[in-house]
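A.B. asks: Have a look; sequence and predicted model below, questions after that.
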Amino acid sequence: MARRASSSLNPGVLIGAAGAIVVAIFAGKSLLGKKSASFGETKPLDIEELLENGNSLRGNEYVVEGQVDEKLQWTSDKGQLVSVRVNTPSGDEFVGVEIPAEFNKLNIDTKQKYSFRVKFRQGGIAVATGVNRL
């Protein structure tokens, strides 16, 4: 009697391939799924402190997270000014953030959430030094 060739795959190969696919899916989700809002050790802005005396914050860097409510002004050489809606325990507050011309290549959309690293200049004006879309 003639022997037939076995056409089934080795179970070890099937288990190894399935494991590799699962690892690839989890690695892809962890790399692509995270939208980092982190700006290192920069601390979040205390909105109450800003409302009390914004000028006292000058020279310091903070992180502002919120939804861009409105684009207030834009020029190609100076950048743009946006209003950011920030959720606070006492309700929503609005913070004006100046985005310098160096970020003109970013498409800042209204009604989208962003994380801004800001540095305060004279007069308590928040100027973006970093922008991440959330």
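C.D. replies: That came in fine, so what should we check first?
A.B. asks: Contacts for stretch 70-84, please.
C.D. replies: If you take Cβ atoms under 8 Å, 6 or more residues apart in numbering as the criterion, stretch 70-84 is touched by 64, 66-69, 94-104, 108, 110, 114, 116. For glycine as for every other residue, the C-beta is placed from the backbone atoms N, C-alpha and C.
A.B. asks: From the residues you listed, keep the buried residues only.
C.D. replies: Listed as buried from the contacts of stretch 70-84 are 64, 66-69, 95, 97-99, 104, 108, 114, 116; burial here means 16 or more other Cβ atoms under 10 Å.
A.B. asks: Reformat the residues you listed as CSV; add distance to residue 78.
C.D. replies: Converted to CSV, these look like this (distance: Cβ to Cβ, whole Å):
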residue, distance to residue 78
64, 20
66, 22
67, 23
68, 18
69, 20
95, 19
97, 14
98, 8
99, 10
104, 10
108, 14
114, 19
116, 17
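A.B. asks: Give the next helix or strand downstream of the lengthiest strand in the chain.
C.D. replies: Among the elements of the chain assigned as strand by DSSP state E, the one spanning the most residues is strand 61-75. Sequence-wise, the next helix or strand downstream of strand 61-75 (DSSP states H and E) is strand 79-88.
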